[in-house]
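**Q** Show me the folded form of this:
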Amino acid sequence: MLDLGPTGSPGVDALVRAAESILKEPELKESLQFHRHVEELQAFRRSLEKQFRDSLRFYPRTALFQQLEGLLDQEFERFRGGGRRLESFLENSKNEDLKVGCQRVHQAVTELQALAARLRSQEESWKQEFGVGLGGELRFFVTQAIKGTIPYQQCAQILDKTLESCRQMEQAMSKVKPENDAVSETLDVCTVGLASMVRALQRASQSLRMQHTWEIEERLTELLEATDELAGAHRQLMNALYPAVICPKCASEQPGDRPVCAGCGARLPLPASSQLPPPPTPEARARFQAFAELDGKLHQLSNGEIEKTAIVAWIDQFRQRLLQGKRQMQADNQLDKRLKEAILGATEATESAMGNLKRALLEDLDLDDALDEVHQAEEKMDAARQLDLAHSTPNS
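**A** Now for the predicted structure:
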């Protein structure tokens, strides 16, 4: 027996359970479609590795991250080795390959989760010190350049990219039509702050490229001050656009631009000044956790707190769970036919919507159509749930 505990990864845990059944009854190998488990595991490993690689490119090059990068290489090699042993089992049906493959994959996933926790902890510490989003990254690179731990030329290249982004932001802000006087006032403050930021970036980049050591620290310090000034103006603008709201479930104060509470996950009411129709009350109907979680991740993306690759990786894992649930549902012959069709239809609609959202993210397309499809899929899921509740109610 394998005697492996749960990892928290649905795909890996399902593979281990299937392997344990096959070790007891080898003839189940085909009926359990073990080859599909292995294929999905390999796809999961590739997606997970890409997610880690992409995220590491944006992390500061601290000693801890360099150390963790080496550990990640080690664990992904173990993961790949486990996958190869499982593929060998599909060809030769040797139980040793099945056992070793599962053990290596299980250990690799467990260690990767521990490494991910260390990364998140370090990232939170880093955010507290330098801030989030573009401002936090810029503040980190500037302070490292002042300390001499980042070459001047490298810092200049980073500032040039930031300058390009700021100019694009200036063009976008010039086309904005404020919805009220409060927004107009704070938008003017942001425009002035952004212009100061552009000038500070130009001066700092020039000093770094010319190696004017006598003025580099002064220019970089000016840039830090401009960054802080713009960050403060941005906070004022967001408060004017989205006044804070109180979560109806846990009573915590939340930014008005969030769809769900960061503390308890409940849907938040719209700010009093909003012209949009109010959402259903929390008592009316609870949301599916996955859709609420997606809203939260999209909010983080809009604030520059995460990259698109993080959402793409989350979508891949969610679609894997959907596929696993769909297979189990198709094999359930005890379920009411109408209910089964409703659940399978909602699952297929959700899988398709998530696939289109992933494509829109990867190809930098407008997300409106994809998000409309996601909302329609959520409605289908909710309709299936209501049907399930009706079937499970006594005397219904």
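**Q** Assess the claim that residue 310 and residue 294 are in contact.
**A** No - with contact taken as Cβ atoms under 8 Å, residue 310 and residue 294 are classed as non-touching, separated by 11.7 Å. The way it works is simple: take the backbone N, C-alpha and C, and place the C-beta from them, glycine included.
**Q** remind me, longest helix of this structure?
**A** helix 95-130 (DSSP state H).
**Q** elements contacting that helix?
**A** For helix 95-130, the contact count by 3 or more Cβ pairs under 8 Å, 6 or more residues apart in numbering; DSSP states H and E identifies helix 10-24, helix 34-58, helix 63-92, helix 133-147 as packing neighbours.
**Q** ok, 6 Å please
**A** helix 10-24, helix 63-92, helix 133-147 (3 or more Cβ pairs under 6 Å, 6 or more residues apart in numbering; DSSP states H and E).
**Q** So what does residue 254 have for phi and psi?
**A** Note on residue 254: its backbone torsions stand at phi -130, psi 150 [degrees, to the nearest 10].
**Q** residues touching it, list them.
**A** With contacts defined as Cβ atoms under 6 Å, 6 or more residues apart in numbering, residue 254 is in contact with 245, 247, 261, 268.
**Q** One more pass at 10 Å, please.
**A** With Cβ atoms under 10 Å, 6 or more residues apart in numbering as the criterion, the residues that contact residue 254 are 242, 244-247, 260-264, 266, 268-269.
**Q** Residue 322 now?
**A** 290, 346-348, 350-351, 354.
**Q** 8 Å instead, please
**A** Counting by Cβ atoms under 8 Å, 6 or more residues apart in numbering, residue 322 makes contact with 347, 350-351, 354.
**Q** How is it assigned, secondary-structure-wise?
**A** The three-state label for residue 322, taken from DSSP: H, G, I helix; E, B strand; the rest coil, comes out as helix.
**Q** Domain-wise, how is the chain divided?
**A** Under the assignment automatic domain parsing, the domains of the chain span 10-130, 133-241, 286-392.
**Q** and of these, who's closest to residue 252?
**A** domain 286-392 (14.7 Å; Cβ to Cβ).
**Q** quick revisit: give me the subset of the contacts of residue 322 lying in helices.
**A** Among the contacts of residue 322, DSSP H puts 347, 350-351, 354 in helices.
**Q** and which of the residues you listed is nearest to residue 382?
**A** Nearest to residue 382 among the ones in helices among the contacts of residue 322, counting by Cβ to Cβ, is residue 350 at 11.2 Å.
**Q** Count the residues that sit near that closest one.
**A** Applying the criterion other Cβ atoms under 10 Å, we find 24 residues in the vicinity of residue 350.
**Q** Apart from its chain neighbours, what residue comes closest to it?
**A** With Cβ to Cβ, 6 or more residues apart in numbering as the measure, residue 377 is the residue that lies nearest to residue 350, at 4.2 Å, once sequence neighbours are left out.
**Q** ok, that neighbour - contacts?
**A** For residue 377, the contacting residues are 346, 349-350, 352-354, taking Cβ under 8 Å, 6+ apart as the criterion.
**Q** Most neighbours among those residues, which one?
**A** Result: residue 350 is most packed of the contacts of residue 377 (other Cβ under 10 Å), 24 neighbours.
**Q** out of residue 310 and residue 294, which sits in the more crowded spot?
**A** When residue 310 and residue 294 are compared for neighbours, residue 294 comes out ahead with 22 against 16, by other Cβ under 10 Å.
**Q** Show me what the strand or helix carrying that one is packed against.
**A** According to DSSP states H and E, residue 294 maps onto helix 289-302. In terms of contact count using 3+ Cβ pairs under 8 Å, 6+ apart, helix 289-302 is assigned the packing partners helix 308-331, helix 368-392.
**Q** mean confidence for the last one?
**A** Here helix 368-392 scores 79 as its mean pLDDT.
**Q** Which positions within it qualify as buried?
**A** In terms of neighbour count (16 or more other Cβ atoms under 10 Å), helix 368-392 has its buried residues at 370-371, 373-374, 377-378, 380-382, 384-385, 387.
**Q** Please apply the same query to stretch 160-177.
**A** Under the neighbour-count criterion of 16+ other Cβ under 10 Å, stretch 160-177 has 162-163, 166, 169 buried.
**Q** Reformat those residues as JSON lines; add secondary structure and distance to residue 238.
**A** Output for those, formatted as JSON lines (DSSP: H, G, I helix; E, B strand; the rest coil; distance: Cβ to Cβ, whole Å):
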{"residue": "162", "secondary structure": "helix", "distance to residue 238": "20"}
{"residue": "163", "secondary structure": "helix", "distance to residue 238": "23"}
{"residue": "166", "secondary structure": "helix", "distance to residue 238": "18"}
{"residue": "169", "secondary structure": "helix", "distance to residue 238": "15"}
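**Q** Closest to residue 135 out of these?
**A** Closest approach to residue 135 among the buried residues of stretch 160-177 (Cβ to Cβ): residue 162, at 9.9 Å.
**Q** that older thread, need the helices and strands packed on helix 289-302 in TSV (columns: distance to residue 145).
**A** What follows is the helices and strands packed on helix 289-302, written out as TSV (distance: least, Cβ to Cβ, whole Å):
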stretch	distance to residue 145
helix 308-331	27
helix 368-392	39
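**Q** That'll do, ta.
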